[in-house]
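Enquirer: sequence first, predicted model second:
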Amino acid sequence: GVTPRSPLMMRYLLLFVDYYEGRLQVDGPLGVYFLRFAYNQVTDQPNTYLKGKDRLPRPVDKMDLWQEVRYDPARFPSIKREKWGQRRACQMMVVAPKLV
């Protein structure tokens, strides 16, 4: 999920524009790389992000990073699915930290 007008997602989309217009060269999975690049560029420390024309740090209430991992039945015994795709991307899951 993402909040409306997220500076992180805007930067993420602009990285794709830069790539497709030839201003950025990347060798690898674009979505994964660009999301991390965007995160690194708009955050300066935990629980802040750079926003506005002045690009000054602004506090946020909470920021969680979730990880995408390949499905493994031994690691996720409670996840059942009748059919899995053949491509690697079809076997990925998002692992969210437990909420306190």
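Expert: Yes, it's here.
Enquirer: show me the strands in this protein, by range?
Expert: Assigned by DSSP state E, the strands in the chain fall at 48-51, 56-59, 67-70, 92-95.
Enquirer: the last one packs against which elements?
Expert: Which is strand 92-95. strand 67-70 (3 or more Cβ pairs under 8 Å, 6 or more residues apart in numbering; DSSP states H and E). C-beta: built from backbone N, CA, C; applies to glycine.
Enquirer: where does pLDDT dip in the protein?
Expert: 1, 44-65, 84, 87-91, 95-100 (pLDDT under 70).
Enquirer: now with 80, please.
Expert: Counting by pLDDT under 80, the low-confidence segments of the chain come to 1-3, 28-29, 32, 43-72, 79-100.
Enquirer: in it, which spans are helices?
Expert: 7-20, 30-42 (DSSP state H).
Enquirer: who wins for proximity to Gly85 among those?
Expert: Proximity to Gly85 (Cβ to Cβ) singles out helix 30-42 among these, at 16.8 Å.
Enquirer: between the closest one and helix 7-20, how many degrees?
Expert: Angle, helix 30-42 to helix 7-20, by axes from the mean of the first three to the mean of the last three Cα atoms, to 10 degrees: 120 degrees.
Enquirer: pull out the buried positions in helix 30-42.
Expert: Neighbour counts over helix 30-42 (16 or more other Cβ atoms under 10 Å) mark Phe34, Leu35, Phe37, Ala38, Gln41, Val42 as buried.
Enquirer: ok, these vs Glu68, which is closest?
Expert: Leu35 (9.7 Å).
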